[in-house]
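>>> heads up, no residue letters with this:
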């Protein structure tokens, strides 16, 4: 397995828990590969909850202080034909 590699200038990231979209199950029976073109991908961030820390509180049964970190955003894509998915990839390794 690999963490990341470059293939023709594109960064490939390995994730072993990608769901099998061909069969529609979470079981990894067939492989799936997703391709995202970052030229047509944008993250819209809400300015009111852009990494905002709430006040620290101390729970009654602990000697610790905790706070929540708030974030709200939405991922948006345009030109869907520039993105891709390969599915029904055999898991057997042959050479």
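Looks like it came in fine. Being a predicted model, the structure only gives us computed values, none of them experimental.

>>> any idea of the pLDDT on residue 62?
For residue 62, the pLDDT comes out at 89.

>>> burial of it, as a residue count?
8 (other Cβ atoms under 10 Å). C-beta coordinates here come from the backbone N, C-alpha and C atoms, glycine included.

>>> wasn't it part of a helix?
No. Counting by DSSP: H, G, I helix; E, B strand; the rest coil, residue 62 falls outside a helix, being coil.

>>> for the remainder of this discussion, apply numbering that starts at 20.
Understood, numbering begins at 20; the last thing we discussed is residue 81.

>>> distance check, it against residue 75.
To residue 75, residue 81 is 12 Å away according to Cβ to Cβ, to the nearest Å.

>>> how far off centre is the longest strand seen in the chain?
Longest strand in the chain, counting residues (DSSP state E): strand 60-72. Relative to its chain's centre, strand 60-72 lies at 16 Å (Cα atoms, centre = their mean, to the nearest Å).

>>> residues in contact with residue 60?
Residue 60 sits next to 94-96, 102 when contact means Cβ atoms under 8 Å, 6 or more residues apart in numbering.

>>> please redo it, this time with the cut-off set to 10 Å
94-98, 101-102 (Cβ atoms under 10 Å, 6 or more residues apart in numbering).

>>> where does this protein have low pLDDT?
Within the chain, the stretches with pLDDT under 70 are 20-21, 45-47, 112-114.

>>> thinking again about what came up before, for the helix or strand following the longest strand of the chain, packing partners?
Using DSSP states H and E, the helix or strand that directly follows strand 60-72 along the chain is strand 88-96. Applying 3 or more Cβ pairs under 10 Å, 6 or more residues apart in numbering; DSSP states H and E, one finds that strand 88-96 contacts strand 60-72.

>>> what angle do the strand it packs on and strand 88-96 make?
170 degrees (axes from the mean of the first three to the mean of the last three Cα atoms, to 10 degrees).

>>> parallel or antiparallel, list what pairs with strand 60-72.
Here strand 60-72 is paired, per DSSP bridges, with strand 88-96 (antiparallel).

>>> what's the first helix or strand after the strand it pairs with?
Strand 88-96 is succeeded, C-terminally, by strand 103-108 (DSSP H and E).
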